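Enquirer: Got a predicted structure here, sequence first:
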Amino acid sequence: MKKIGKIIMIVVGVIIVLGVIGSMLDGGEEKSDKTSKEAATTTTKTTSETKNKQTNETKQSEKPKVKAFVVGDIVKTGKLGYKVLNVETTKEIKSDNQFIESVKTEGQFVVIDLEAFNYDKKARMVDSNMFKIKDDQGREFEPTSDSNVMMVVKGAMDFFLQDINPGLSKKGKLVFELPQDAASYSLEVSSGFGWAGGEYEEINLK
C-alpha cells in the first residue's frame, strides 16, 4: 500500500510539473507572437512615414521656382507689362522752379521711373493706385498724394487715370514716402485698374 501511495504521489507530481511547463511554453509563445506583431506594426509605420516623407520631398522639389524680378526686367501680369527703369531714394526732392519749394521728409522718398506696356487688343487704363511698395517688415505703402510732391516731381502725374492704346507703352514716375527703417522692399504691380485687376507680381527694388 505504501508503494501504491508513493507511485500515485509521483504521478501527481509529474502531472503538475508538466502542467507548469506547458503553461510557461504557452505564455512564451503568446509573448513571442505579441512581440512579432508589435515589431511588424512598428516596421509598417516606419515604412509608411518614410514613404510619406519621400513623397513630400518629391512634391516640394517639383514646385516651380518663383522668378525674382529686378530693376530692368519686363514683368508681365495679365495683359499689362511693367519695367522699372530707375529707382532713387532721397530725403529731399529739390525743385528746379523758383516758385515751388523743395520737399523734405523725416523718412525717405522712393522715386521710381516706370514704363507700362499694353499687350491687350484694346486700350487699358493705368493709374498710380495700381501700385504699392511692400517692405521686409510686412508693411504696405501707397504712392504719395502730396500735392507739393506732385508739383516738384516731373512725371508724377503721368500715371493718373491714363489710357494706353494696344501695342504701346507709357513712361512716368511713382513717388512713395517710406520710414527710414524700411531697408528692403519691392514694388507690387497689378494686372489692371479696378475690376480689371486681380493678378500681381513683385519687382525687387532694394
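Expert: Cool, the structure landed.

Enquirer: Where do the domain boundaries of this structure fall?
Expert: Domain assignment of the chain by automatic domain parsing yields the ranges 1-63, 69-204.

Enquirer: start to end distance for the last one?
Expert: The reference is to domain 69-204. From its first residue to its last, domain 69-204 covers 6 Å (Cα to Cα, to the nearest Å).

Enquirer: Give me the helices and strands touching the host helix or strand of Gln108, please.
Expert: With elements delineated by DSSP states H and E, Gln108 resides in strand 103-118, which encompasses its position. Using 3 or more Cβ pairs under 8 Å, 6 or more residues apart in numbering; DSSP states H and E, the elements in contact with strand 103-118 are strand 80-93, helix 147-152, strand 162-164, strand 169-178. Yep, even glycine has a C-beta here, placed from its N, CA and C like the rest.

Enquirer: most tightly surrounded among the ones you listed?
Expert: Mean neighbour count (mean count of other Cβ atoms under 10 Å) peaks for strand 169-178 among the helices and strands packed on strand 103-118, with a mean of 19.

Enquirer: Name the next helix or strand downstream of it, please.
Expert: Along the chain past strand 169-178, the next helix or strand (assigned with DSSP H and E) turns out to be strand 185-190.

Enquirer: Show me what that next one packs onto, helices and strands only.
Expert: Contacts defined by 3+ Cβ pairs under 8 Å, 6+ apart place strand 185-190 against strand 74-77, strand 80-93, strand 132-135, strand 200-204.

Enquirer: ok, now with 6 Å
Expert: Judged by 3 or more Cβ pairs under 6 Å, 6 or more residues apart in numbering; DSSP states H and E, strand 185-190 is in contact with strand 132-135, strand 200-204.

Enquirer: So which residues make contact with stretch 111-120?
Expert: Outside stretch 111-120, the residues within contact range by Cβ atoms under 6 Å, 6 or more residues apart in numbering are 79, 81-88, 124, 126, 164, 166, 168-171, 173-175.
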